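> with the input below, show me the fold.
(one chain, ligands or ions: 1)
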Amino acid sequence: MKKTTAAITAVGGYVPDFVLSNKVLETMVDTNDEWITTRTGIKERRILKEENAGTSYMAIKAAEDLLRKRGIEASEIDFVLVATATPDMPVAATAAYVASEIGATNAFAYDLQAACSSFLYGMSTAASYIESGRYKKVLLIGADKMSSIIDYTDRTTCIIFGDGAGAVLFEPNEEGLGLQDEYLRSDGIGRQFLKIDAGGSILPASEETVKNKQHFVFQDGKSVFKFAVSNMADVSALIMERNNLTKDDVQWLAPHQANKRIIDATANRMGLEAEKVMMNIHRYGNTTSATLPLLLYDYEKQLKKGDNIIFAAFGGGFTWGSIYLKWAYNS
Ligand code: UT7
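Model prediction:
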């Protein structure tokens, strides 16, 4: 019997209208466009300014865009998975709210949190539900309102992150297209280098934690950089090797958009030319769970059925990994 694979059959996206440029950041903290551009590759990022709007606001827009493009009803969706590090609320799954708002009345829904690897891990989860044969349409959304957890007086983090959302639909495929292989890793040593100290079960919110700014993202950038640069390159090379892929067999690298220098190092290790590397960090910064689907959203028209794509991510936790996927349609 032929194996059923899990293919991406549609993509949607959304970024807020408000653009926060490097020039404007120069007026907010002690930084400059030249430093940000050369150290990270970022020129601008989007910020969600709508009042009382959380991550679900963007997730819903990305999902609605996808449904429109795919031409299906939300009621056909079996499962909604929202990959996010910034849920609307600490308790009450954002995915459940998103599913109801888009009209996915026959779906169950939950969130997945693995920092910047959330979407990559979500691809594995979504594909597994399809491969099992139990579900036919799984909607995976990567969305983060990073501006809600960033201290805009801290120049080491506020220049990096942005807000956004992207969505993909996984469906069964009988032609062998879709997810081929994955290599996912984690290492708890990483939580000291990239974290939010307060608001969790170790250090609940208090007047003290607010005063000490412990609800914002803390990152030891240099340490995270060292781990990210070697691990993202390692897993990308490994997944090529164990699938007997040469550089000529790989049409695209879809890397997490945290730092252009990390992306370049990964591409170099794989032997890939710059034209094969999806990149939009200059426009959106690091949108955490939304980077990978927003790459697909921006590059969708260039992707051809059968293209071999290597996805790679690295994030807090630490969490990281790579996925090898064959693209399933021409748009
Ligand atoms: O997505 C999740 C995973 N996260 C990542 O992969 C992020 C990994 N880390 C990075 O991307 C980089 O470490 C950063 C972009 C965060 C920082 O770049 P860096 O090249 O590692 O800079 P650094 O932290 O070593 O700082 C170099 C210098 C320091 O000054 P001194 O000590 O050399 O005088 C910083 O104080 O740059 C200074 N600096 C800045 N200067 C201007 C730090 N932030 C800024 C800034 N503008 N925004």
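> what about dumping the CA coordinates of stretch 256-265 to CSV?
Taking Å, rounded to 0.1, in the frame of the first residue of the first chain, the C-alpha atoms of stretch 256-265 are listed here in CSV:
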residue,chain,number,x,y,z
HIS,A,256,14.2,31.0,10.7
GLN,A,257,14.8,34.8,10.4
ALA,A,258,16.7,35.7,13.6
ASN,A,259,19.9,37.1,12.2
LYS,A,260,21.2,37.3,8.6
ARG,A,261,24.6,36.1,9.7
ILE,A,262,23.1,32.9,11.1
ILE,A,263,21.2,32.3,7.9
ASP,A,264,24.3,32.9,5.7
ALA,A,265,26.4,30.5,7.8
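> for the record, mean pLDDT for it?
For stretch 256-265, mean pLDDT rounds to 98.
> for Asn268, grab the count of nearby residues.
10 (other Cβ atoms under 10 Å). C-beta here means a position set from N, CA and C on the backbone, and glycine is covered the same way.
> just Ile323 next, same as before
The burial count assigned to Ile323 is 25, neighbours taken as other Cβ under 10 Å.
> so it makes contact with Ser124?
Yes - the pair Ile323 and Ser124 qualifies as a contact (Cβ atoms under 8 Å) at a distance of 6.9 Å.
> joint contacts of those two?
With contacts defined as Cβ atoms under 8 Å, 6 or more residues apart in numbering, the residues shared by Ile323 and Ser124 are 179, 182.
> ok, now how distant is Thr9 from Ser128?
Distance, Thr9 to Ser128, using Cβ to Cβ, to the nearest Å: 17 Å.
> more neighbours, these two?
Thr9 (19 against 16).
> check that one and give its pLDDT.
If you check Thr9, the pLDDT there is 98.
> equivalent analysis for Lys2, please.
72.
> regarding the residue of the chain found nearest the ligand, what are the backbone dihedral angles?
Nearest residue of the chain to the ligand: Gly221, at 2.8 Å (Cβ to the nearest ligand atom). In this entry, Gly221 is assigned phi and psi values of phi -60, psi -40 (degrees, to the nearest 10).
> can you tell me the SS state at the residue nearest to it when sequence neighbours are not counted?
Using Cβ to Cβ, 6 or more residues apart in numbering and skipping residues adjacent in sequence, the residue nearest Gly221 is Thr156, 5.9 Å away. The assignment at Thr156 comes out as coil when based on DSSP: H, G, I helix; E, B strand; the rest coil.
> just the element for the nearest residue to Glu50 once chain neighbours are set aside, please.
Distance criterion Cβ to Cβ, 6+ apart; nearest residue to Glu50, sequence neighbours excluded, is Tyr57 at 6.3 Å. Assessed by DSSP states H and E, Tyr57 sits inside helix 55-70.
> now what about whichever helix or strand comes after that helix, what contacts it?
Downstream of helix 55-70, the next assigned helix or strand under DSSP H and E is strand 79-83. The contact list for strand 79-83 (Cβ under 8 Å, 6+ apart) reads 55-56, 59, 63, 93-95, 98-99, 102, 104, 107-114, 118-119, 121-122, 125-126, 129, 135, 137-143, 289.
> give me the subset of those residues lying in helices.
55-56, 59, 63, 94-95, 98-99, 102, 118-119, 121-122, 125-126, 129 (DSSP state H).
> thinking again about what came up before, buried subset of the contacts of strand 79-83?
55-56, 59, 63, 93-95, 98-99, 102, 104, 107, 109, 111-114, 118-119, 121-122, 125-126, 129, 135, 137-143, 289 (16 or more other Cβ atoms under 10 Å).
> ok, Ser289 touching Ala85?
Yes - counting by Cβ under 8 Å, Ser289 does reach Ala85; the two are 6.2 Å apart.
> please identify every residue contacting each of these two.
Contacts common to Ser289 and Ala85, judged by Cβ under 8 Å, 6+ apart, are 116, 118, 144.
> CSV for the residues you listed, including distance to His215?
Shown next, in CSV, are the shared contacts of Ser289 and Ala85 (distance: Cβ to Cβ, whole Å):
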residue, distance to His215
Cys116, 19
Ser118, 19
Asp144, 16
